[in-house]
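S.K.: Here is the input, now give the coordinates:
(one chain, ligands or ions: 1)
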Amino acid sequence: MRRTKPTDPTWSDVLQQRREASGRMHRRAMLAGAGAMAAGLGLARPAPLMARSLPNGARPSAFSTSEDPNSWEEITTYNNFYEFGLDKSDPARNAHRMTIDPWAVVIDGLVDRPGTYDLADILHGQQLEERIYRFRCVEGWSRIVPWIGFELAGLLNRIGVQPSARYVAFETLLRPEEMPGVNRRVIDWPYREGLRLDEAMHPLTIMATGILDQDLPNQNGAPLRLVVPWKYGFKSIKSIVRITLTEDQPHATWEATQPREYGFYANVNPDVDHPRWSQATERRIGDGLFARRRPTLMFNGYGEEVADLYAGMDLRRHF
Ligand code: MTE
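M.R.: This is a model prediction of the structure:
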């Protein structure tokens, strides 16, 4: 994927081609289209889905999966957010302590317009979309999340990426008085992550601000978190306060903490096992204790969209 300016017509062409190639038309978009056609033909409309409105002018997206999303409860009560504790239930219990208003994000490094941007500045001019994405944690569980968000590329293009930039680094808030988990030095706080610039600019990569028709709850990374659906969940860093464009590959928390177990790329890959468990299958949250595990898909099922980003790379070495 090349880096292009927002006004460059080739960008939307590439995007359009990818959408057509993917063949994964958003179920609701299809139903909306079918509904409009049905109305013209005097057929019954799929009323419940047509009636559902998305928040803040968000649009449905052709990138959404047609799989059924998990419930609010399933998405917001079983979380990894170590700043609030190591147990899956700790974030839902403790994250309300985090102050998210006001919120500022420093955007710096190799950009034309570095600065401290508040949330309204960040959202200004960004088209919100609903992106119903598969989400696969490196631990072997998965779920379907109806995110509301905008493409990270839109924000980066607005800030102006300089030609020497090759990576994007992200940092989570570190506020010990509100985050009981950071007293334990399980990792070198703050939580940090990074992407190659072409990964960051990929249209599947979003900054999420909501789930379903709600603002992001704190335990899921309010008010602004990254979502990279073809990578293991730990790349999708929460509650972001800094975005830095760099020339060198940035520090990434899990890669730095346990380099034998977690790589910088962390692309979902059923053929490359974690040293301590297989990655061939996954447990879908909500499936029930005795349900069969599901096969894990290469790039979490987004291979048609992203495989060319890694052409020629040895994915066992760059895991
Ligand atoms: N971001 C921060 N700041 N701290 C974390 O502990 N955990 C990561 C990722 N982002 C984490 C984080 C991991 S391991 C996963 S699987 C996802 O968040 C979980 O996101 P969810 O709780 O919204 O499902």
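
S.K.: what number of residues lie near R59?
M.R.: Look at R59: counted by other CB atoms under 10 Å, it has 11 neighbours. C-beta: built from backbone N, CA, C; applies to glycine.

S.K.: contacting residues for the residue lying closest to it once chain neighbours are set aside?
M.R.: Closest residue in space to R59, ignoring its immediate chain neighbours: E129 at 5.2 Å, by CB to CB, 6 or more residues apart in numbering. Contact analysis of E129 by CB atoms under 8 Å, 6 or more residues apart in numbering lists A58, R59, P60, S61, I148, G149, F150, E151, I206.

S.K.: Please flag which of these sit within strands.
M.R.: R59, P60, I148, G149, F150, E151, I206 (DSSP state E).

S.K.: ok, of those residues, which come out buried?
M.R.: Buried members of the ones in strands among the contacts of E129, scored by 16 or more other CB atoms under 10 Å, are P60, I148, G149, F150, E151, I206.

S.K.: Which one of those is nearest to G125?
M.R.: F150 (9.3 Å; CB to CB).

S.K.: how many neighbours does K238 have?
M.R.: So K238, with other CB under 10 Å, has 27 neighbours.

S.K.: okay but it is in contact with V227, surely?
M.R.: No. Assessed by CB atoms under 8 Å, K238 is found out of contact with V227, at 10.0 Å.

S.K.: tell me the SS of whichever residue of the stretch 1-150 of the chain sits closest to the ligand?
M.R.: Minimum separation of the stretch 1-150 of the chain from the ligand (CB to the nearest ligand atom) falls at N79, amounting to 3.2 Å. Following DSSP: H, G, I helix; E, B strand; the rest coil, we place N79 in the coil state.

S.K.: need the contact list for the closest residue to the ligand within the stretch 151-300 of the chain.
M.R.: In the stretch 151-300 of the chain, the residue that lies nearest the ligand is G233 (2.8 Å; CB to the nearest ligand atom). Contacts were defined as CB under 8 Å, 6+ apart; by that measure G233 touches N80, F135, R136, C137, V138.

S.K.: which SSE is the last one in?
M.R.: The reference is to V138. For V138, there is no helix or strand it lies in under DSSP states H and E.

S.K.: Verify the stated contact: it with Y262.
M.R.: Yes. The pair V138 / Y262 is scored as a contact, 7.0 Å apart, by CB under 8 Å.

S.K.: what do the two both touch?
M.R.: What both V138 and Y262 touch, as defined by CB under 8 Å, 6+ apart, is the set F234, W254.

S.K.: For E193, which non-adjacent residue is spatially closest?
M.R.: E193 sits nearest to I237 (CB to CB, 6+ apart), 4.1 Å away.

S.K.: returning to what we had before: bridged to the residue nearest to R59, which residues?
M.R.: In this entry, E129 is beta-bridged to R59, G149, by DSSP bridges.

S.K.: what are the phi and psi angles of R93?
M.R.: As for R93, its main-chain torsions (degrees, to the nearest 10) stand at phi -80, psi -40.

S.K.: what's around it, how many residues?
M.R.: Neighbour tally, R93, other CB under 10 Å: 14.

S.K.: who touches it in this structure?
M.R.: By CB under 8 Å, 6+ apart, R93 lies in contact with F84, G85.

S.K.: just to revisit the earlier point, ok, of the ones in strands among the contacts of E129, which one's closest to S164?
M.R.: Nearest to S164 out of the ones in strands among the contacts of E129 is E151 (CB to CB; 22.5 Å).

S.K.: How about the contacts made by the closest one?
M.R.: Contacts of E151 were listed using CB under 8 Å, 6+ apart, and they are Q126, E129, P203, T205, I206, M207.

S.K.: Look up how far E129 lies from it.
M.R.: 8 Å (CB to CB, to the nearest Å).

S.K.: go on, S66?
M.R.: Distance from S66 to E129, by CB to CB: 16 Å.

S.K.: Just confirm I144 contacts E74, I think it does.
M.R.: No. I144 is beyond contact range of E74, at 9.4 Å (criterion: CB under 8 Å).

S.K.: Same drill for those two, tell me which one is more crowded.
M.R.: Legend: neighbour count by other CB under 10 Å for I144 and E74, higher for I144 (20 against 15).

S.K.: That one sits in which helix or strand?
M.R.: Going by DSSP H and E, I144 is in strand 141-151.

S.K.: mind saving the C-alpha coords of that strand as CSV?
M.R.: Extracted in CSV, the C-alpha atoms of strand 141-151 (Å, rounded to 0.1, in the frame of the first residue of the first chain):
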residue,chain,number,x,y,z
TRP,A,141,-10.3,-16.3,22.1
SER,A,142,-12.2,-14.2,19.5
ARG,A,143,-15.3,-12.2,19.1
ILE,A,144,-17.2,-10.0,16.6
VAL,A,145,-17.2,-6.4,17.5
PRO,A,146,-19.3,-3.7,15.9
TRP,A,147,-16.9,-0.8,16.3
ILE,A,148,-17.7,2.8,15.4
GLY,A,149,-14.6,4.7,14.2
PHE,A,150,-12.7,6.4,11.4
GLU,A,151,-9.8,5.4,9.2
